[in-house]
Structures are given as structure tokens and as C-alpha cells.
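[1] Would you be able to build a 3D model of this:
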Amino acid sequence: MDAEHEAYQTGVSIGDDIVLDHEINVGNRLLIYVVGVDGADSIKQVLSQLVRVGTNKRDECGFNRFRLVLLTQRAESVEDAASDAFHSFSRPYLAGKKRLHLD
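    Just a heads-up that it's a prediction; the model follows:
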């Protein structure tokens, strides 16, 4: 792995209607997805897909870590919605997986 490698892409499509604002590769070790969300409703619709696609790419491409960054002007409402959505899908998804948590 090249610790000096960095890649930065904008407008990366990861699904039928989800486009990342940014996908960042830091040293082929850390994969970062940055996506803007308008509020609680938008995060409920996309969080599980964002996490699934990101963790799958992390595992398939040999990254050590994956981080998902949610950009919003409504942090309080998004925080609660993200937590609820994450916990509703993460338990079944965690079967056989590790290193998945919400900060």
C-alpha cells in the first residue's frame, strides 16, 4: 500500500439516486464518503445504503477504515434520525461483520 497515495473524487454515484459530494482515499487505508443531507427524512432513506456500500468497498479494496461524514445545517435533527436509522439496520447487518459503530 502506498501511504502517500491520495485520491479525491466529487459527484460519485453509489446507487440509483445517491450521489456522494466527495469520496476520499487517504493512503489506500482510509475511505471517506462525504454526503450532504437536508434533514431527518433524507438520512432515514439513505443511511443504510451509504453504510453498506462504504463498508463493502472498504472490505473489497483492503481499506483499514471507512468513515461516513454527513453534512447538514440541521445537526440536531439529523443526529437523532441517523442514530435511529443506524441502530434499526445495524443489528441484522452486523452478523459476521465487525468495526461498525456510530460516532
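
[2] Please make it C-alpha for all contacts and neighbour counts, starting now.
    Fine.

[3] Can you report how many residues neighbour the closest residue to H5 other than its chain neighbours?
    Using Cα to Cα, 6 or more residues apart in numbering and skipping the chain neighbours, the partner closest in space to H5 is G27 (4.5 Å). Other residues within reach of G27 by the criterion other Cα atoms under 10 Å amount to 15.

[4] Show me how far the helix or strand of the chain with the lowest mean pLDDT is from its chain's centre.
    Of all helical and strand segments in the chain, the minimum by mean pLDDT, DSSP states H and E falls on helix 75-93, at a mean of 76. Between the mean C-alpha point of helix 75-93 and the mean C-alpha point of its chain there is a distance of 12 Å (Cα atoms, centre = their mean, to the nearest Å).

[5] Skip the chain neighbours and tell me the closest residue to the residue nearest the centre of the chain.
    The centroid of the chain falls nearest to L68 when counting by Cα atoms, centre = their mean (3.3 Å). In this structure, L68 finds its nearest non-sequential neighbour in Y33, 4.9 Å apart by Cα to Cα, 6+ apart.

[6] Now do the SS call for the one you found.
    Secondary structure, DSSP: H, G, I helix; E, B strand; the rest coil: Y33 is strand.

[7] Isn't it up against E23?
    Yes: under the criterion of Cα atoms under 8 Å, Y33 lies in contact with E23, with a separation of 4.8 Å.

[8] Please name the strands paired to the helix or strand hosting the residue nearest to the centre of the chain in the sheet, noting orientation.
    L68 is part of strand 65-71 when elements are defined by DSSP states H and E. Partners of strand 65-71 in the sheet, by DSSP bridges, are strand 30-36 (parallel).

[9] what's the model's confidence in the partner strand, averaged?
    Along strand 30-36, the predicted local confidence has a mean pLDDT of 93.

[10] What is the helix or strand that that strand is followed by packed up against?
    With elements assigned by DSSP H and E, the helix or strand that comes after strand 30-36 is helix 40-61. Contact analysis of helix 40-61 by 3 or more Cα pairs under 8 Å, 6 or more residues apart in numbering; DSSP states H and E lists strand 30-36, strand 65-71, helix 75-93 as its packing neighbours.
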